[in-house]
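Colleague: below is the sequence, then the predicted model.
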Amino acid sequence: GYLHLVSGSDVTGLTRNKAMRLSFRPMSLCHPVTYLNKILIGGAKGELHLVNYRTRKIIHRFTCLESDKSGISSIAQSPALDTIGVGTCRGAVHLINIQSDTLLFSLHHEKGTAVTGMSFRSDAIAASSGVAPLAVASGNTVTVWDLRRNEDTGF
């Protein structure tokens, strides 16, 4: 796969910069909060890399998800600094600390169904009472977890 950098101020003035060749096929990405010029790229075989898109260098290859070889179909920033949600093609949702390359815990959505999107509640009420990720699968299923109890809310 490739990472192409595109710059310009409007659609008509786009200029493609030199491409960065990746050793894997990218499927999803996320720009982590406070990580200047860096993006997380998830791959088709479970690879997760932190890339500096200015220098076109891989900063870190994550090892905390090596046991799950399922493709990374979705990545989302949580309200907690350095904490990212990673959704897989097999329905798992992993919460990881990207600063320490640590798997915090895993949840399971709908086995065999790709997690196509996630969202974390981040309003003031959530800050005082906990947060809940939202995993959306391709099978028209939405699951909301209450992370304070690590369980499905059942609605």
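Modeller: Received, thanks. Computed from a prediction, not measured in an experiment: that's the story for all the values here. Numbers count the residues shown, from 1 in each chain.
Colleague: low pLDDT regions in the protein?
Modeller: Segments of the chain classed as low confidence (criterion: pLDDT under 70) are 3-18, 124-139, 148-155.
Colleague: how near is Gly71 to Arg21?
Modeller: Plainly put, Gly71 is 19 Å away from Arg21 if you go by Cβ to Cβ, to the nearest Å. No exception for glycine: its C-beta is placed from N, CA and C like everyone else's.
Colleague: Ser28 too?
Modeller: Here Ser28 is placed at a distance of 18 Å from Arg21 (Cβ to Cβ).
Colleague: which one's more surrounded, the two?
Modeller: A direct count of neighbours by other Cβ atoms under 10 Å for Ser28 and Arg21 places Ser28 higher, at 21 against 8.
Colleague: give me the phi and psi for the closest residue in space to the more buried one that isn't next to it in sequence.
Modeller: Of all residues not flanking Ser28 in the chain, Gly42 sits nearest, at 4.3 Å (Cβ to Cβ, 6 or more residues apart in numbering). Gly42 adopts backbone torsions of phi -100, psi 140, taken as degrees, to the nearest 10.
Colleague: tell me which residues touch the most centrally placed residue in the chain, please.
Modeller: When the chain is reduced to its mean C-alpha position, the closest residue under Cα atoms, centre = their mean turns out to be Ile75, at 1.6 Å. Applying Cβ atoms under 8 Å, 6 or more residues apart in numbering to Ile75 gives the contacts Ser28, Leu29, Cys30, Leu40, Gly42, Ile84, Gly85, Val86, Gly87, Met118.
Colleague: where's the first one, which helix or strand?
Modeller: In the assignment (DSSP states H and E), Ser28 maps to strand 26-30.
Colleague: can you list the neighbours in contact with that strand?
Modeller: If you take Cβ under 8 Å, 6+ apart as the criterion, strand 26-30 is touched by 1, 3, 39-44, 71-77, 84, 87.
Colleague: show the buried residues in the residues you listed.
Modeller: Buried residues within these, defined by neighbour count using 16 or more other Cβ atoms under 10 Å: 3, 39-44, 71-77, 84, 87.
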